[in-house]
Structure formats: structure tokens, C-alpha cells
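> quick check, what structure comes out for this input:
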Amino acid sequence: MAKGFSKQIQDRISNANYGAVFVNSDFADIAEPETIRRNLNRLTQAGILRRILKGVYEKPKYSKLLDEYVAVSPDAVAKALARSYHWTIAPCGNTALNLLGISTQVTAVWSYISDGPYKTYEWNSTKLEFKHRTNKEITGLSYMTSLVIQALKTLGKSNVTPDIIQTLSEKLSDDEKQACLKEATEATDWVYDTIRKMCGGGTQ
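Numbers count the residues shown, from 1 in each chain. Here you go, the predicted model:
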């Protein structure tokens with residue numbers, strides 16, 4: 001039966017995109033924790049996975065152009081940790097601006113608000129930071145809605161230009177815009193007014 005578990009775990013990894021990040025709980029429907037751990041260790045030794053942090057693995061992406069493996073996405077690691085611990089998270093500060101293409105400034109620390117405890121993680125030259133926030137700031141909001149709200153709060157009302165509204169509008173799909181309009185009603189007035197403009201809802 002163990003062979004069957006190994007095959008199922010390997011199949012799930014094979015079907016994922018290169019650069020995908022996994023945590024043990026991603027395989028909880030297949031096998032017991034100890035079996036999962038053993039299999040992920042074996043796949044790491046075989047070079048199929050790369051261990052980023054304890055219990056966090058990546059299916060490494062190879063760049064033919066650079067002739068080396070691409071660095072793991074800190075955002076993918078943050079989402080994997082959130083899955084593992086059942087946290088709701090959202091990028092904040094410069095991280096939110098970076099992910100939305102509003103800022104090209106390289107961020108030294110990848111920052112997220114979270115309904116979990118304050119935590120930091122480091123690997124290579126990357127640092128991840130989770131800051132605890134009250135539930136109402138993130139609970140019940142989709143990832144994209146949270147991301148947009150945090151980006152706008154980081155910019156501040158006086159720095160939101162028509163160009164930024166246009167950039168954000170182009171980043172979001174129609175479905176994400178609908179979700180944003182519906183979910184962001186509790187946000188500060190100016191933030192929600194900006195979201196209305198961005199999502200084609202006009203202004204009040």
C-alpha cells in the first residue's frame with residue numbers, strides 16, 4: 001500500500017507547475033503525516049523537490065537562459081505556510097505594491113498581515129514576516145481584495161493617481177473586480193471610493 005501512497009504523492013507533484021511550493025498538509029488526503037514526510041524527504045534527496053524551510057518544499061524551476069534554478073517565489077512560500085497553519089494572510093506594505101506592479105523597488109522583507117501569530121522566516125537572503133492583525137482586516141476577504149486594500153493603505157490617499165487606478169484596474173479580472181466591490185464595503189471610505197473607480201463602479 002505504501003507504494004500506492006508514494007505514487008499518489010509523486011503524481012500530485014508531477015502534475016504541479018515548476019516553481020510550485022508544497023507543505024506536508026497538501027498531501028493529508030493521501031497518507032499519514034509520517035509517510036508524507038518520508039516521501040517528501042526521499043523526493044528531496046532525488047532532486048525532484050528542493051527544501052526551502054522545515055516542512056516547506058519547492059518543485060524547482062530551471063532556467064535554460066540562466067542555466068540555473070530560479071529562486072523560489074517568497075509569495076508562494078507565504079501562501080504555503082498559511083495553508084499549513086490555517087492562517088488567512090494578505091501582503092502588506094511594499095510587498096503589496098510589488099505584487100501589483102505599482103512599485104519596482106526590491107523589498108528586503110516580504111511582509112504579510114495574518115490572523116495567526118507574529119512570525120518571521122528566513123532562507124538564503126530572503127526574509128518573510130507575518131504581522132498579526134485583527135480578523136476584520138482579512139477574514140472574509142479574498143486574497144486579491146485584501147491585496148488591493150493593503151496596497152492602497154500603503155500608498156495613502158494623496159498618492160493614489162489616475163495612473164495607479166488604471167494599473168490596478170488592468171491587474172484584476174472581471175470576477176476579481178466584482179468580488180472587490182462586494183467584499184471591500186467595510187474598508188475606509190476613500191479606499192472603497194478608489195476601489196469603485198478601479199472596478200468601474202463610479203464614485204458615490
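
> show me what contacts residue 79?
Contact partners of residue 79, counting by C-beta atoms under 8 Å, 6 or more residues apart in numbering, are 21, 89. From N, CA and C alone the C-beta is placed, and that goes for glycine too.

> look up phi and psi at it.
phi -70, psi -40 (degrees, to the nearest 10).

> let's see the pLDDT reported for it.
pLDDT for residue 79: 96.

> three-state assignment of the closest residue to residue 146 other than its chain neighbours?
With sequence-adjacent residues excluded and distances taken as C-beta to C-beta, 6 or more residues apart in numbering, residue 146 is closest to residue 90, at 3.2 Å. For residue 90, the assignment made with DSSP: H, G, I helix; E, B strand; the rest coil gives strand.

> from what I can see residue 90 touches residue 148, true?
No - using C-beta atoms under 8 Å, residue 90 makes no contact with residue 148, being 9.4 Å away.

> which one of the two has more residues nearby?
residue 148 (29 against 26; other C-beta atoms under 10 Å).

> double-check that residue 163 belongs to a helix.
Yes - counting by three-state DSSP, residue 163 falls inside a helix.

> distance of it relative to residue 170?
For residue 163, the distance to residue 170 equals 11 Å [C-beta to C-beta, to the nearest Å].

> swap in residue 126?
Taking C-beta to C-beta, one finds residue 126 at 28 Å from residue 170.
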